[in-house]
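Student: Next one to model:
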Amino acid sequence: QEQMQMATLNGDIAKTMTTVPAWVLVLLVGWCACAAQDFAGDPSVCQPCTSCGALPTIPRSFEAKIEVNIQDKNETYDVEEHFDGENNRAVVYMTRQGRTGKQILNFNGGEVYDIIGTQCVAVPIDAGEDLFGYIPATNGTHIFSSVVTFGLASRIGVSEEGRSTIRGITVVNYRACTYWPQWDTTFTADYYFSTPEYQTASGDPVLPVRVTVAGKGRAPGSQAGAVRREFSRTYEYVYFRSSLRADWSVFETPRGYQCHHRQSQEAFPDIPTHMHYVDQQIYPQLTTVGGFELWYNYDQQLLRFDYMAASDSFVPVEGRYGVPKRIIHDFNTGLEYETDLNRATCSIRRIVDSQIYLNDNNNGVMLTPAQTAHIDTVQKYYMGKHKIRNILTDGWIFQRQVNFSGEPVWVEQQLYFSSSEWVDHNGQADTARVPLRGDSRFIKVPGNINYTGPTEFVTKVHGFDLDQDIGDFAVSNCYRTDEKHVIRFQFPAQASSYLKLFGKEMILQTKIQVCRAVGISLLRCEDVTYDSDELATYVTMTVLEAASIRMMPRDDPIILASAAIQLLRQKIDSNQLVITLSRDVQIAAIPSSLEDNVYRPPDNIVCHENKARRADRAAETTTLSTTSTDSGCDEVSNNITGHTAGTLAGVSVALLLVGVLLGLALQYVVVRRGMKSAEAAGLTGRMELPAITNLPAAIPD
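Tutor: The predicted structure is shown next:
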């Protein structure tokens, strides 16, 4: 052990820290398990005790500061340690020649994490070194009692050598003679504990005051028969408390460190394929906060992104710089719907022709969440447990390359997900590992890019949930009234009973399966409602017209609404429209029941307010004129005007600059200067009222 000290002294602090527990913390080490009667050491150094006792009892958890004086090297080390026997862990800080290293001992995982500067390396705990009383056990590694931690009771034993005074403290001297055969090292260890009558500041009965070690031995790794050298060390306990006042986080690897070769870790969580959350982006170097709101549904190939687009001038209506916008990507058709929530206008274009860069696609093909941030191809390093917004999380760190202004730039990212011990009651995400935070920084920006913007970004995720409504992706505001075809068909009357059983899932499946049956994107099937009487169950929905844009030859053809409705009629009339709600529940549409251009329900149906859209209606300002009908419903007239500015604002978010979105959607947004505007290209239209106002029929209360 002492020869190991001599060898490590010749190395740098990184090498020294690797062996700290094996030599600096001699007094905390359980000496080798060699019994006194089997002593094979150098008798000229010491002789084992014949009538042996034990050291005073030391608590299972404690804090200590130790001054380590290495007399034969004319050098001093400062050591601070926190020993948590209750949770099988310890942390050691060692300062040498102005540099401080940290070592974390994870006894449950059998690993030591050596941290020097910005580097972290995990190494297995070597049972042969008996670190902190570490001994393999049938149920895994663990820290033994404090008596064994000091390593003498019932293993080697100590002899009491009388009393003396150290630093003005009356102490009892205990001595042990130890031999380590692996290094052919024999040494004497003298332990000095305060006497029971001495009043300690902490109130502990006795405290360790000093330990001295002296002997002969070979350096670790030396050849058998190598010269055995003398060594001498003194360990001054300048502070000792039998409790832990350090925060629990000191026992975790620090944030921002890649701990190579770590074996003890949590599995990286699976990222769900559909989600919704509000993102807050912080730019410390700019003292700026931005953000956006995101809806992502890989299963249905849809993405919605609400953000504040940058503007060069002050916007009086909003009282700020920037224009609130909503972007919806429909990867089923390759179309992007961009809504200016101030001007109440909508532009439709191909995703690949978008004016902004959303890192959700590869040439019009939607990426999975893992592909978006490349987290499926990078080496991720576990950073342990950390608290984010007072929530226990697991953290990971990785590095990857991004394309920035045509040049590869290395970015370091940290991702934090709620820990498996934490339960998140957000929509249907009770069992999901919820993303809470992402930290990103440019490691190095090539000089030829001439980039002067921020290099550090913080992303905070709020309101994460999986309970997603396809209505969140509604695009009917992008179509004129004459481009909205309201249809109605019938199911048998008993189908209405399934509404209570399946709820909105029945409406969703009707929308998805009807659109799939006629080969159109589900975004073109909107405002599905159910009504019923004693004769039938009525389904009313709006079919949107095909977008009037020029598609490229390789793009899938867009089916016109008239063709889709005609195909649906054929399927209904031939008993081929069957909606599957579960393995045992299917409902078939009644032949010859399809009606086109429907604007009012059957006369015997009494309308009720659609509660699902009540909040949306309350937020809208319109100039609808209505007339009462005998059915108790409001008939919507055709003189519909557009929204006033900002009526579909929803959730507006602050200025969006550059950020990293936890690998879920946006990496950064770049306005493509000089591109011909959508308005000039003739791709804009005045926003119309949501088609739901055209459909007075609603789900019965």
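Student: Now stretch 238-246: average pLDDT?
Tutor: In this model, stretch 238-246 has a mean pLDDT of 87.
Student: Just the buried positions in that stretch, please.
Tutor: Across stretch 238-246, burial judged by 16 or more other C-beta atoms under 10 Å covers Phe240, Arg241, Ser242, Leu244. Every residue, glycine included, has its C-beta placed from N, CA and C.
Student: tell me which of the residues you listed is nearest to Cys478?
Tutor: Leu244 (60.8 Å; C-beta to C-beta).
Student: Which helix or which strand is home to the closest one?
Tutor: For Leu244, there is no helix or strand it lies in under DSSP states H and E.
Student: coming back round to it: could you dump the buried residues of stretch 238-246 to CSV with secondary structure?
Tutor: Shown next, in CSV, are these (DSSP: H, G, I helix; E, B strand; the rest coil):
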residue, secondary structure
Phe240, strand
Arg241, strand
Ser242, coil
Leu244, coil
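Student: any idea which of those is closest to Glu63?
Tutor: For the buried residues of stretch 238-246, the nearest to Glu63 is Arg241 (4.8 Å; C-beta to C-beta).
Student: With Tyr530 as the reference, measure out to the closest one.
Tutor: 69 Å (C-beta to C-beta, to the nearest Å).
Student: what's the answer for Leu302, then?
Tutor: 23 Å.
Student: Export the buried residues of stretch 238-246 as a markdown table, with columns for distance to Leu55.
Tutor: Converted to a markdown table, these look like this (distance: C-beta to C-beta, whole Å):
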| residue | distance to Leu55 |
| --- | --- |
| Phe240 | 14 |
| Arg241 | 18 |
| Ser242 | 14 |
| Leu244 | 21 |
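Student: Which single one of the residues you listed is nearest to Gln494?
Tutor: For these, the nearest to Gln494 is Leu244 (66.6 Å; C-beta to C-beta).
Student: Just list the residues touching the closest residue to that closest one other than its chain neighbours, thanks.
Tutor: Spatial nearest neighbour of Leu244, chain neighbours left out: Ser61 (5.2 Å); criterion: C-beta to C-beta, 6 or more residues apart in numbering. Shown in contact with Ser61 (C-beta atoms under 8 Å, 6 or more residues apart in numbering): Phe83, Asp84, Gly85, Glu86, Ser242, Ser243, Leu244.
Student: Could you rerun that using 6 Å?
Tutor: The contact partners of Ser61, by C-beta atoms under 6 Å, 6 or more residues apart in numbering, come to Asp84, Gly85, Glu86, Leu244.
Student: buried stuff in stretch 55-68?
Tutor: Buried residues in stretch 55-68 (16+ other C-beta under 10 Å): Leu55, Pro56, Ile58, Pro59, Arg60, Ser61, Phe62, Glu63, Ala64, Ile66, Val68.
Student: what's the longest helix in the protein?
Tutor: Using DSSP state H to define each element, the chain has its longest helix at helix 504-518.
Student: which secondary structure elements does that one contact?
Tutor: strand 525-532, helix 561-573 (3 or more C-beta pairs under 6 Å, 6 or more residues apart in numbering; DSSP states H and E).
Student: Report the mean confidence score over that helix.
Tutor: On average, helix 504-518 scores 91.
Student: do the same with stretch 597-612
Tutor: On average, stretch 597-612 scores 51.
Student: which regions of the stretch 1-150 of the chain sit below the pLDDT cut-off?
Tutor: Within the stretch 1-150 of the chain, the stretches with pLDDT under 70 are 1-38, 126-150.
Student: just the strands in it please.
Tutor: 61-70, 75-84, 89-96, 99-106, 111-116, 119-124 (DSSP state E, counting those that start in this stretch).
Student: Tell me the one of the buried residues of stretch 238-246 nearest Gly438?
Tutor: Using C-beta to C-beta, these come closest to Gly438 at Leu244, 31.2 Å.
Student: so how far is Glu81 from the closest one?
Tutor: 11 Å.
Student: overlap in contacts of those two?
Tutor: Contacts common to Leu244 and Glu81, judged by C-beta under 6 Å, 6+ apart, are absent.
Student: before we move on, back to that, could you work out the most separated pair of the buried residues of stretch 55-68?
Tutor: Arg60 and Val68 (23.4 Å).
Student: low-scoring stretches of the stretch 201-350 of the chain, by residue?
Tutor: For the stretch 201-350 of the chain (pLDDT under 70), the answer is 219-222, 311-321.
Student: Please repeat the previous calculation with a cut-off of 80.
Tutor: 218-226, 310-322 (pLDDT under 80).
Student: Going by residue numbers, what spans are helices in it?
Tutor: With helices called from DSSP state H, counting those that start in this stretch, the stretch 201-350 of the chain shows none.
Student: what's the neighbour count on the closest residue to Thr170 other than its chain neighbours?
Tutor: Closest residue in space to Thr170, ignoring its immediate chain neighbours: Thr195 at 4.7 Å, by C-beta to C-beta, 6+ apart. Using other C-beta atoms under 10 Å, Thr195 has 13 other residues around it.
Student: I figured Thr195 hits Ile166, correct?
Tutor: No - look at Thr195 against Ile166 with C-beta atoms under 6 Å: they stay out of range, at 11.1 Å.
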